[in-house]
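Asks: Here's my sequence, what's the structure:
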Amino acid sequence: MASNRGVVYLGPGKVEVQSIDFPELKNPKGKKITHGVIIKVVSTNICGSDQHMVRGRTTAPAGLVLGHEITGEVIEVGDDVEFLKIGDLVSVPFNVACGRCRTCKEQQTGICLSVNEGRAGGAYGYVDMGGWIGGQAEYVMVPYADFNLLKFPNKDQALEKIRDLTMLSDIFPTGFHGAVKAGVGPGTTVYVAGAGPVGLAAAASAQLLGAAVVIVGDMNKARLAHARSFGCETVDLNENASLADQIAQILGVPEVDCAIDCVGFEASGHGTQVKTEVPAAVLNSLMEIARAGGSIGIPGLYVTADPGAEDKAAQSGNLSIRFGLGWAKSHSFHTGQTPVMSYNRQLMQAILYDKVQIAKAVNVEVISLDDAPRGYAEFDKGVAKKFVINPHNMIPAAKPQAHAKEEAVA
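Replies: Alright, predicted model coming up:
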């Protein structure tokens, strides 16, 4: 049998590259399927959601093969696959979706009713998401392939832009979804909570959608500096000034039209509370600064069980949210897994036609599969990078950045 290796979660703070089974056309229960394909992984990314598991902040079991942000080349097709062939280069939405149930037919692929016995919604390599094997590996199986996979129209062109296109599996659609659900449009003012990769993707998405001003807030100075590098305003949440006051210094008013939570349940307080875990800090702050009648997009992850939480209520997913404030201001809240297929084709076109440079926005660094444990360790320390794993050395070397020529003086 052919060999395979993958990134395996061993316990809190521990991941290791190990030999794993080569994928077969079978579902997690071991039943043979004919609607899937096997993919040779070209690129697979480390996600902040993976970090929640690796930190021990979920009920993820030891031995879980990680990875849900996958791009690859089809090397085997099931008998019932009609529209894909061996050699196709494809993006894999992190949602595992059947395409046949009620929610899939309504394009809510993040909550497919058929791929996870425990609850609605499935994903690769993730706790409580159906047992589908993760793709931080050399090879992976993708079910319902005709429905799930986005084929790139030109393989050579796609490989040249693979640093950007690899973001289509999760982070770019997730940031875009947060911006769309927050009501971002031409001329709007936007606050993005969190300058990690999803926050930076949301900020780039807000710019793509025509926002007048995009403000990013975080405690990590390196990440804030990177947000400024592509045109964002920033607020440093280490400062003792309130978030509303810092926004007022930028906009002249202490509120924004649209707010996006790209932090999730491992939130900290602001100012004097920056070293204190306050799970509802972001949600409560966004209700304070979002205008009356505004919307709050919440792509940041919230879990039903957090065994590592300091607060007992938070251990079972109960947070102290000022819901009355949001109700009084007629806010709209939009939560849940991103339905990647609602956005990935359009975002692919934006990348291919040079309308967005998402790899630059999230500061991609390509690493080898063997280097994945280092990537996890550095990401956990807050490095201002998005790590992309290159299992088969198929990602071309980055081209040097072009510098604008100085204008000649007459």
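Asks: When you work out contacts or count neighbours from here on, use the C-alpha atoms and nothing else.
Replies: Will do.
Asks: Can I get the helix or strand bottoming out on mean pLDDT in the chain in CSV, CA atoms only?
Replies: Lowest by mean pLDDT, DSSP states H and E among the helices and strands of the chain is helix 48-54, with a mean of 93. Extracted as CSV, the C-alpha positions of helix 48-54 are listed here (Å, rounded to 0.1, in the frame of the first residue of the first chain):
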residue,chain,number,x,y,z
GLY,A,48,-6.6,29.3,14.3
SER,A,49,-9.3,26.8,14.8
ASP,A,50,-6.7,24.0,14.8
GLN,A,51,-4.9,25.9,17.5
HIS,A,52,-8.0,25.8,19.8
MET,A,53,-7.7,22.0,19.7
VAL,A,54,-3.9,21.9,20.1
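Asks: what lines up beside the helix or strand just after that helix in the sheet?
Replies: Going down the chain from helix 48-54, the next helix or strand is strand 69-77, by DSSP states H and E. Partners of strand 69-77 in the sheet, by DSSP bridges, are strand 37-45 (antiparallel), strand 89-92 (antiparallel).
Asks: Residues in contact with the least confident helix or strand of the chain: which ones?
Replies: For helix 48-54, contacts defined as Cα atoms under 8 Å, 6 or more residues apart in numbering pick out 9, 11-15, 58-60, 66-67, 126-127, 196-198, 301, 376, 380.
Asks: try stretch 25-42
Replies: Residues contacting stretch 25-42 (Cα under 8 Å, 6+ apart): 23-24, 70-81, 130-133, 135, 137-146, 390-395.
Asks: Go ahead and build a ChimeraX selection from the buried members of those residues.
Replies: To isolate the buried ones among the contacts of stretch 25-42 in ChimeraX, judged by 16 or more other Cα atoms under 10 Å, type:
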select :23,24,70,71,72,73,74,75,76,77,78,81,130,131,132,133,135,137,138,139,140,141,142,143,144,145,146,390,391,395
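Asks: circling back to that earlier point, what about the least confident helix or strand of the chain, distance to the chain center?
Replies: For helix 48-54, the separation from the chain centroid amounts to 11 Å (computed by Cα atoms, centre = their mean, to the nearest Å).
Asks: Then stretch 276-294?
Replies: In terms of Cα atoms, centre = their mean, the centre of stretch 276-294 is found 21 Å from the chain centre.
Asks: Then stretch 55-70?
Replies: 15 Å.
Asks: Take it, keep the C-alpha atoms, and write them as PDB.
Replies: What follows is stretch 55-70, C-alpha atoms only, in PDB (Å, rounded to 0.1, in the frame of the first residue of the first chain):
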ATOM      1  CA  ARG A  55      -4.100  24.200  23.100                       C
ATOM      2  CA  GLY A  56      -6.500  21.700  24.800                       C
ATOM      3  CA  ARG A  57      -9.400  24.000  24.600                       C
ATOM      4  CA  THR A  58     -11.800  21.400  23.000                       C
ATOM      5  CA  THR A  59     -12.700  17.800  23.600                       C
ATOM      6  CA  ALA A  60     -10.500  16.700  20.600                       C
ATOM      7  CA  PRO A  61      -9.100  13.200  21.200                       C
ATOM      8  CA  ALA A  62      -5.400  12.300  20.900                       C
ATOM      9  CA  GLY A  63      -4.600  10.700  17.600                       C
ATOM     10  CA  LEU A  64      -6.700  13.100  15.500                       C
ATOM     11  CA  VAL A  65      -5.200  13.900  12.100                       C
ATOM     12  CA  LEU A  66      -5.500  17.700  11.800                       C
ATOM     13  CA  GLY A  67      -6.200  19.900   8.900                       C
ATOM     14  CA  HIS A  68      -9.300  21.300   7.100                       C
ATOM     15  CA  GLU A  69      -7.800  23.900   4.700                       C
ATOM     16  CA  ILE A  70      -6.800  21.700   1.700                       C
END
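Asks: got the buried residues for that stretch?
Replies: Buried, per 16+ other Cα under 10 Å, within stretch 55-70: 56-58, 60, 64-70.
Asks: so for it, what's the average pLDDT?
Replies: Average pLDDT, stretch 55-70: 95.
Asks: any idea of the angle the helix or strand in which Phe379 is found forms with strand 37-45?
Replies: Per DSSP H and E, Phe379 falls inside helix 372-380. For helix 372-380 against strand 37-45, the angle by axes from the mean of the first three to the mean of the last three Cα atoms, to 10 degrees is 50 degrees.
Asks: helices and strands around helix 372-380, which ones?
Replies: strand 14-19, strand 386-389 (3 or more Cα pairs under 8 Å, 6 or more residues apart in numbering; DSSP states H and E).
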